[in-house]
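Trainee: Any chance you could fold what I've pasted below:
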Amino acid sequence: MDGTLDHVMMRVEDLEESLSWYQTHFDYEEKSRWEAETFTNVHLGPADGHEDAATLELTYNHDGRSYTMGDAWGHIAVRVEDVEEAYDELMDEGVEDYRPPEENPGYAFVKDPDGHEIEIVERDHGARWSIDHTMIRVEDAEEAIGWYTRALEYEMFRRSEHSSFALYFLNPEDAPAEAMSVELTYNYDGGSYELGDAWGHLAVRTEEGTLEDTWETLMQRDAEDYRDPESCDYNYAFTKDPDGHEIEVVER
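Mentor: Numbers count the residues shown, from 1 in each chain. Next up, the predicted model:
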């Protein structure tokens, strides 16, 4: 299994508004589009993104439904060289002032038109505005870390322990710095979380022609049999982590 994080999917209520927001403020370009009968998927990312950089997948369902955010998904984080400069640019462009760098030295937060939180982090690698990580909340840190290391062959490359919570960053062992990682957030208060439906899934790559073999390996590692390759016409498959976050497996 490659395991590189390919994309993160979020659902939006107004596709044109969302596309305009990401293209205007993050200079994203449309990488691909899938027009189906009942939905549209659009993948976005910087024009100069690394070949292993993750894309953002916006899903628009044609039935006009609305979504609940929940709190089991936290945010995506995008890279810049200077957080304060980038935040000031966004404010000048009319983005809502959510969590400025004055409140969070070294990082800041904004929200997209649907309320998805986006962290801005300083990095010396990767294209500007490329996705650095996706944060999800977990109820049992040891179980979640064990699942990602066993099922997906991830390794922990950074951890940060605080008075009331801990952060664990994981990705494949040989992933380039420009790839997206997953951040597991564990709060010490023992809280539980609601998934909502405004966030969709994380997607991990497997080599072309290996989808069924990878799925069999995941089943041997006790991953949940959620949507197997056959049920997805052998185009992809889905499992879930212990907290219910959906994980898509795609061939690349």
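
Trainee: Count the residues that sit near T68.
Mentor: Residues within reach of T68, counting by other CB atoms under 10 Å, total 10. In this view, the C-beta of every residue, glycine as well, is placed from N, C-alpha and C.

Trainee: How about the one 3 residues further on?
Mentor: Neighbourhood size, D71 [other CB under 10 Å]: 12.

Trainee: Tell me the predicted confidence for the nearest residue to it once chain neighbours are set aside.
Mentor: Spatial nearest neighbour of D71, excluding adjacent residues (CB to CB, 6 or more residues apart in numbering): Y193 at 5.0 Å. What the model reports as pLDDT for Y193 is 98.

Trainee: Check the one 5 residues further on too.
Mentor: Model confidence at A198, given as pLDDT, is 98.

Trainee: That one and I136, how far apart?
Mentor: 13 Å (CB to CB, to the nearest Å).

Trainee: Could you tell me which residues touch both of these two?
Mentor: Common neighbours of A198 and I136, using CB atoms under 8 Å, 6 or more residues apart in numbering, are W73.

Trainee: ok, those two, which is more surrounded?
Mentor: I136 (23 against 18).

Trainee: wait, doesn't the more buried one sit right on L195?
Mentor: No: I136 is not in contact with L195 according to CB atoms under 8 Å; the separation is 9.7 Å.

Trainee: shared neighbours, these two?
Mentor: 72-73, 245.

Trainee: Which one of those residues sits in the busiest neighbourhood?
Mentor: Neighbour max across these (other CB under 10 Å) = W73, 25 neighbours.

Trainee: Once you drop chain neighbours, what's closest to it?
Mentor: Using CB to CB, 6+ apart, the closest residue to W73 is W199 (3.8 Å).

Trainee: Spell out which residues sit in contact with V250, please.
Mentor: 6, 203-206, 236.

Trainee: List only those of those flagged as buried.
Mentor: 6, 203-206, 236 (16 or more other CB atoms under 10 Å).

Trainee: can you give me the helices for this structure?
Mentor: 15-25, 83-92, 141-151, 211-220 (DSSP state H).

Trainee: now the second one and helix 15-25, what's the angle there?
Mentor: Same thing as helix 83-92. 130 degrees (axes from the mean of the first three to the mean of the last three CA atoms, to 10 degrees).

Trainee: circling back: what's the closest of the shared contacts of I136 and L195 to S164?
Mentor: Of all those, A72 has the smallest distance to S164: 18.0 Å, by CB to CB.

Trainee: Contacts only, for the nearest residue to that closest one once chain neighbours are set aside.
Mentor: Distance criterion CB to CB, 6+ apart; nearest residue to A72, sequence neighbours excluded, is Y193 at 3.8 Å. Counting by CB under 8 Å, 6+ apart, Y193 makes contact with 70-72, 137, 139, 243.

Trainee: and with 10 Å instead?
Mentor: By CB atoms under 10 Å, 6 or more residues apart in numbering, Y193 lies in contact with 70-74, 136-139, 185, 187, 243-245.
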